[in-house]
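J.: Have a look; sequence and predicted model below, questions after that.
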Amino acid sequence: MDNLRFKQYEKLGPFEIKNFLAEVASKSAQELSSSYLNAGRGNPNWVATEPREAFFLLGQFAVIECKRVLDLPPGVGGMPRASGIAGRLEAWLKKHDDMPGAPFLQAMVPWAVAKFGFEPDKFVHELVDSIIGDHYPVPDRMLVHNEQVVHEYLQWAMCGTPRPKGKFNIYAVEGGTAAMCYIFKSLKSNRIINPGDTIALGVPIFTPYLEMAHLEDYDLKYIEVHAKQENKFQYTDEELKKLLDPKVKAFFIVNPGNPSAVALSPDSIKKIGTVLKKRPDLILLTDDVYGTFVPGFRSLMGEYPKNTIGVYSYSKYFGCTGWRLGTIAIHEDNIFDQMIAAHPEPIKKLLDKRYGGLTLEPRKLAFIDRIVADSRDVALNHTAGLSLPQQVMMTLFSLAELMDKKKDYQKACIGIVKKRVAATIEGLGIDVGENKYFDYYYGLIDFEFWARKYVGEDVVKWMKANVHPLDIVFRLAEDHGIVLLNGSGFAAPDWSVRISFANLDDHVYDDIGRAVRAIARGYRQAYEAATGKTVEPPKALSKAPAKTGKAPNAKR
């Protein structure tokens, strides 16, 4: 594929380029009689089984409860009733204690009752009635018991130590995707961030944050605050100084990074606090989906709750991307309510009109509840909220983790991806130092950084002058049947690629490492052919040969 053709892909995001790469790689794998390996997907290939077993067993009990109230021959049942339901569940589980999920449910209900002070009948009825899905969500923002459980889960998963004082109000949403859409929309609707405003993005970053800012819906300008590999993907003082500019309204980050996979260190978090002392009005939005893969993880929402909108998704940790489970969390004491209250009177009147149909005192409507309303274009607020069966699954996932005092599930998940990282490093033939803030879920291979060390400066200069950066991912697809994503689409270095350690079998990752090494070898050979100079191959490139490697696409 020549460089003129590469040019057409430059305007596409990495997930759109991935579709072309997947087609090429699939065809190539068939021709080479090799495996098709798509390491561009973030969907994990494991699932949390125990809470799922409990979910499906609880569903059987719920149907029995419906039929206990009403059981007509065509298959018409009634709505579960609360009185005595906890005792009936306990008795039913004793009769079916050999069923998958029964031991978990038997332990879960009394544990939650003791931990949160729940009334047993009310708690069990919320689970049973919700798993049937026979009502709209009430409250629309989040079920009462579910919110308390999830609040405690987020305190563990996101906030770290010490826990922030006070509480977060939480909105259960359809995954991190919905959280992003709802937050952007409500920030604009409430005139907190307006078209033409400037935000800062901590890069590299999940591509949609780059793309959404440019949409005509928001029309935002953004500056990039770089976390570079040479600084172990932490923000330097010089980069964070950009946030001191008063025109920067908000700082959006993904923590741990996607694709860098590195969490903010305590030092970086402290530096952001120094910025907040000078910019107490700076909005922080932190997307912390991968935080559970870093033991002792500390989010900005734990350190600076007043300024922070927290986004979390259950999808990666519990292997439940299809369930669409996410949360938006905003502390009860926050700058967003203060900003809305400080609007000039003409804007207040516009917002009164927007939310006036929901309450007699729209100016007292909290920002988190405005997000709920805006998620359904206000007029449909009465039917807002995440579906009730989804909220039950969220409760069960949260309780499964909270009850796991030894954190065996977390250790198992981290162990899976850590093993795959080690295999990739072995395939690359390089040495990588330990980084306790690395989550092992993704890897960002900075090809230029790596090639400079293992191939040499002269080859790198030639490569940058004669080869298009997208050549790497297309060559992996064409020659090896492997799909990786181009790092440039995440505002990472142009010559970088993102690899997911979550979605393929353990044994294929050393093959991916060897394939990347083969690409570097091909560039070295092309350099030698073009210049007549010989480069002594370093140890990393002289190990066992990888699969086939064609000469790279040079510029014409």
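T.: Thanks, I have it.
J.: Which helix or strand in this protein has the lowest average pLDDT?
T.: helix 3-9 (a mean of 73; mean pLDDT, DSSP states H and E).
J.: The nearest residue to Glu303 once chain neighbours are set aside: neighbour count?
T.: If the residues on either side of it in the chain are set aside, Glu303 comes closest to Ile269, at 5.3 Å by CB to CB, 6 or more residues apart in numbering. In short, each C-beta sits where N, CA and C put it, glycine included. Neighbour count for Ile269, taken as other CB atoms under 10 Å: 20.
J.: Return the residues in contact with Ile269.
T.: Contacts here follow CB atoms under 8 Å, 6 or more residues apart in numbering; on that basis Ile269 touches Arg298, Leu300, Glu303.
J.: what about 10 Å?
T.: With contacts defined as CB atoms under 10 Å, 6 or more residues apart in numbering, Ile269 is in contact with Gly160, Gln234, Tyr235, Asn255, Ala263, Arg298, Ser299, Leu300, Gly302, Glu303, Tyr304.
J.: The third one contacts Lys270, doesn't it?
T.: No - with contacts defined as CB atoms under 10 Å, Tyr235 does not count as touching Lys270, sitting 11.1 Å away.
J.: Same drill for these two, tell me which one is more crowded.
T.: More crowded of Tyr235 and Lys270, by other CB under 10 Å: Tyr235, with 26 against 11.
J.: and the more buried one, what does it touch?
T.: Tyr235 is in contact with 202, 225-228, 241-243, 251, 253, 264-265, 267-269, 271-272, 275, counting by CB under 10 Å, 6+ apart.
J.: could you redo the last one with a cut-off of 7 Å?
T.: Gly202, Val225, Ala227, Ser268, Lys271 (CB atoms under 7 Å, 6 or more residues apart in numbering).
J.: go on, Gly319?
T.: So Gly319 contacts Pro44, Trp46, Val47, Ala48 (CB under 7 Å, 6+ apart).
J.: out of those, which are buried?
T.: Buried subset of the contacts of Gly319 (neighbour count, 16 or more other CB atoms under 10 Å): Pro44, Ala48.
J.: on that earlier part again, which element follows the least confident helix or strand of the chain toward the C-terminus?
T.: Using DSSP states H and E, the next helix or strand after helix 3-9 towards the C-terminus is helix 14-32.
J.: Mind giving me the packing neighbours of that following helix?
T.: In terms of contacts (3 or more CB pairs under 7 Å, 6 or more residues apart in numbering; DSSP states H and E), helix 14-32 is packed against helix 471-480, strand 482-483, strand 485-486.
J.: partners of the helix or strand that it is followed by, with directions?
T.: Per DSSP H and E, helix 14-32 leads on to strand 37-38 as the next helix or strand towards the C-terminus. Using DSSP bridges, strand 37-38 pairs in its sheet with strand 482-483 (parallel).
J.: Quick one: residues in contact with the partner strand.
T.: The contact list for strand 482-483 (CB under 7 Å, 6+ apart) reads Lys18, Leu21, Ala22, Ala25, Leu37, Asn38, Ala39, Gly40, Leu476, Ala477, Ile512, Ala515.
J.: is it true that His343 touches Ile192?
T.: No - contact criterion CB atoms under 7 Å: His343 and Ile192 do not qualify, at 9.1 Å.
J.: Pick out whichever of the two has more residues nearby.
T.: The residue with more neighbours, out of His343 and Ile192, is Ile192; 19 against 16, by other CB under 10 Å.
J.: Assumed the more buried one was part of a strand.
T.: No - counting by DSSP: H, G, I helix; E, B strand; the rest coil, Ile192 falls outside a strand, being coil.
J.: need the contact list for it.
T.: Neighbouring residues of Ile192 by CB under 7 Å, 6+ apart: Phe336, Met339.
J.: ok, it to Cys159 distance?
T.: Distance of Ile192 to Cys159, given as CB to CB, to the nearest Å: 24 Å.
J.: again, but for Leu70
T.: Distance, Leu70 to Cys159, by CB to CB: 45 Å.
J.: who's more crowded, these two?
T.: More neighbours surround Cys159 than the other of Leu70 and Cys159, with 23 against 10 (other CB under 10 Å).
J.: per-residue pLDDT, the residue positioned nearest the centre of the chain?
T.: Computing the C-alpha centroid of the chain and ranking residues by CA atoms, centre = their mean puts Val289 first, at 3.5 Å. Val289 carries a pLDDT value of 96.
J.: pLDDT score assigned to the nearest residue to it once chain neighbours are set aside?
T.: Excluding the flanking residues, the one nearest Val289 by CB to CB, 6+ apart is Ser313, at 4.7 Å. Ser313 carries a pLDDT value of 97.
J.: quick one: contacts for Ser313?
T.: Gly175, Gly176, Val289, Leu325, Gly326.
J.: Repeat that for Leu220.
T.: Going by CB under 7 Å, 6+ apart, the list of residues near Leu220 reads Ile193, Asp197, Ile199, Ala213.
J.: Distance to Val392 and secondary structure for these - can I get that in JSON lines?
T.: Listed next are the contacts of Leu220 as JSON lines, based on distance: CB to CB, whole Å; DSSP: H, G, I helix; E, B strand; the rest coil:
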{"residue": "Ile193", "distance to Val392": "34", "secondary structure": "coil"}
{"residue": "Asp197", "distance to Val392": "39", "secondary structure": "coil"}
{"residue": "Ile199", "distance to Val392": "36", "secondary structure": "strand"}
{"residue": "Ala213", "distance to Val392": "35", "secondary structure": "helix"}
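J.: Let me have those in JSON lines, extended by neighbour count.
T.: Formatted as JSON lines, the contacts of Leu220 follow (neighbours: other CB atoms under 10 Å):
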{"residue": "Ile193", "neighbour count": "21"}
{"residue": "Asp197", "neighbour count": "19"}
{"residue": "Ile199", "neighbour count": "21"}
{"residue": "Ala213", "neighbour count": "19"}
